[in-house]
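what's the 3D shape of this:
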Amino acid sequence: MFELTKDRYLTRGIVREVPTELQLFLWVVLEREKSRHEMDYLQVFKLRVDEEKTLHIDHCQEQPKHERTYSLAMVGSDMPEVNGKKIYVIDDGTYVTMLLAEEY
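As a prediction, the model looks like this:
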């Protein structure tokens, strides 16, 4: 799952609503997590912003159960509103797709 050699795709919603820097960060998270434990075909990222403008990314999978939270200081107004967004990354065996939950 999530091999570097697979083609990666982004949906229109991801391109439109998620900053490129954040997209790249999520790909790096997947690469790092792949080296640490077995990966499920579906990875879920829940984004939330606190009152100090810190972005918290809750990353989870179901099988085997795994959860981790990342916290990033947001860069002023350069980061559009991502609070409450849920992102899925799906490895179908041939390629990997990043999409907003509402696009599923």
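
who's in contact with the helix or strand Gln23 falls within?
In the assignment (DSSP states H and E), Gln23 maps to helix 20-36. Helix 20-36 is contacted from outside by 1-2, 4, 8, 10, 14, 39, 43, 45, 55, 57, 59, 66, 68, 70, 72, 79, 82, 87, 89, 98, using C-beta atoms under 8 Å, 6 or more residues apart in numbering. C-beta: built from backbone N, CA, C; applies to glycine.

Which positions within it qualify as buried?
For helix 20-36, the neighbour count (16 or more other C-beta atoms under 10 Å) marks Leu22, Gln23, Phe25, Leu26, Trp27, Val29, Leu30, Glu33 as buried.

Next secondary structure after it?
Assigned by DSSP H and E, the successor of helix 20-36 is strand 42-49.

residues of that next one that come out buried?
Gln43, Val44, Phe45, Leu47, Val49.

In these, which has the lowest confidence score?
Ranked by pLDDT, these bottom out at Val49 (88).

In contact with the closest residue to it other than its chain neighbours, which residues?
In this structure, Val49 finds its nearest non-sequential neighbour in Asn83, 4.2 Å apart by C-beta to C-beta, 6 or more residues apart in numbering. Contact analysis of Asn83 by C-beta under 8 Å, 6+ apart lists Leu47, Arg48, Val49.
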